[in-house]
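>>> no FASTA, just this:
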């Protein structure tokens with residue numbers, strides 16, 4: 001029975017008793033009005049909860065599907081390219097494939113918790129989703145701040161680590177690092193970390209990998225320096241990132257907005273569940 005019908009019926013019964021003069025109590029009308037107000041508040045709370053519930057579910061379904069996509073790309077990279085884009089000798093597991101797999105799995109887990117919390121209207125799951133997403137947001141913000149504050153130190157450490165990694169180029173078990181350097185030097189038309197002479201220490205000779213050559217050919221790295229790229233790879237890639245800083249910034253901003261939207265949905269639904277439990281108990 002709807003709140004409106006129940007309230008109307010209550011008023012009709014109260015009026016009938018009053019008209020017959022069968023000893024109706026003065027407080028009965030106030031109690032009926034109070035009950036009607038409670039039913040209206042309960043109905044409004046449930047309606048708001050249902051609206052937020054489906055929005056929350058749709059958002060987290062997209063979130064979960066995005067995680068599936070990232071995970072799929074990571075698995076594909078791991079299966080077809082090995083440890084592609086592993087440049088760091090200090091963190092050999094920090095490859096593009098591994099990063100995508102971990103990120104995709106984590107996003108899928110958060111999205112699943114959000115979907116389940118929305119469907120079940122479970123306060124514990126909603127709060128868990130909110131805290132997990134808040135933790136990720138704060139972690140990303142902290143990393144971004146530290147990156148800008150310690151840019152110079154990060155630059156020095158990165159160059160030192162990359163030069164150390166050059167000594168693993170072409171060695172057994174380091175196919176990912178070798179492929180990554182070959183692709184970077186070919187695509188960005190650069191050679192070495194800070195200079196093409198970085199390779200001289202690796203080979204103990206005046207030579208560079210063939211990917212450093214202006215025109216690729218077998219053993220072209222043994223030829224004269226005039227046939228090699230001279231630009232340092234670290235600075236070249238850094239300049240490329242700076243030129244595409246707008247795209248990087250837009251991506252970061254969109255990511256932050258999606259996370260803030262998820263936090264808003266989670267907390268709004270949590271409050272609506274509490275309100276519905278209070279009014280409809």
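Nice, I can see it. As the structure is a computational prediction, the values presented were derived from the model and not from experiment.

>>> Excluding sequence neighbours, find me the nearest residue to residue 206.
Nearest non-adjacent residue to residue 206, counting by C-beta to C-beta, 6 or more residues apart in numbering: residue 200, 6.0 Å away. (Glycine included, C-beta is placed from N, CA and C.)

>>> Just give the number of residues close to that neighbour.
Per other C-beta atoms under 10 Å, the neighbour tally for residue 200 reads 14.

>>> Remind me which helix or strand residue 163 belongs to.
helix 151-166 (DSSP states H and E).

>>> which of the residues in that helix are buried?
Within helix 151-166, the residues that qualify as buried by neighbour count (16 or more other C-beta atoms under 10 Å) are 159, 162-163, 165-166.

>>> Quick one: mean pLDDT over the next helix or strand after that helix.
Next helix or strand after helix 151-166 toward the C-terminus (DSSP H and E): helix 175-187. Averaged across helix 175-187, the pLDDT comes to 87.

>>> Wait, residue 189 touches residue 229, no?
Yes: with contacts counted by C-beta atoms under 8 Å, residue 189 reaches residue 229, the gap being 5.1 Å.

>>> the more surrounded of the two?
Taking neighbours as other C-beta under 10 Å, residue 189 and residue 229 compare with residue 229 leading, 20 against 14.

>>> Nearest residue to that one in space, please, no chain neighbours.
Using C-beta to C-beta, 6+ apart and skipping residues adjacent in sequence, the residue nearest residue 229 is residue 191, 4.4 Å away.

>>> helices or strands up against the helix holding residue 163?
helix 198-203, helix 233-243 (3 or more C-beta pairs under 8 Å, 6 or more residues apart in numbering; DSSP states H and E).

>>> Which one, of those helices, ends up nearest to residue 182?
Nearest to residue 182 among those is helix 233-243 (11.4 Å), distances taken as C-beta to C-beta.

>>> May I see the buried residues of that closest one?
Here helix 233-243 shows 233-234, 236 as buried, counting by 16+ other C-beta under 10 Å.

>>> Point out where the chain drops to low pLDDT.
The chain contains residues with pLDDT under 70 at 1-38, 45, 81-93, 279, 281.

>>> Packing partners of the lengthiest helix in the chain?
In the chain, with assignment by DSSP state H, the single longest helix is helix 28-81. On a contact count with 3+ C-beta pairs under 8 Å, 6+ apart, helix 28-81 meets helix 3-20, helix 96-120, helix 245-279.

>>> Out of those helices, which is the most enclosed?
helix 96-120 (a mean of 19; mean count of other C-beta atoms under 10 Å).

>>> Spatially nearest residue to residue 212 (excluding sequence neighbours)?
Using C-beta to C-beta, 6+ apart and skipping residues adjacent in sequence, the residue nearest residue 212 is residue 191, 3.8 Å away.

>>> next one: the helix holding residue 163 to chain centre, how far?
How far helix 151-166 lies from its chain's middle: 27 Å, per C-alpha atoms, centre = their mean, to the nearest Å.

>>> Could you do stretch 107-119 as well?
The answer for stretch 107-119 is 14 Å, by C-alpha atoms, centre = their mean.

>>> next one: stretch 125-143
Per C-alpha atoms, centre = their mean, the centroid offset for stretch 125-143 relative to its chain is 10 Å.

>>> what number of residues lie near the residue nearest to residue 114 when sequence neighbours are not counted?
Residue nearest to residue 114 in three dimensions, not counting chain neighbours: residue 60, with 3.4 Å by C-beta to C-beta, 6+ apart. Using other C-beta under 10 Å, residue 60 has 24 other residues around it.

>>> Now do the contacts for residue 60.
111-112, 114-115, 118, 129, 262 (C-beta atoms under 8 Å, 6 or more residues apart in numbering).

>>> re earlier: for residue 124, state which of the buried residues of helix 233-243 is nearest.
residue 234 (48.0 Å).

>>> Check the contact between the closest one and residue 161; I expect there is one.
No: Residue 234 is beyond contact range of residue 161, at 10.8 Å (criterion: C-beta under 8 Å).
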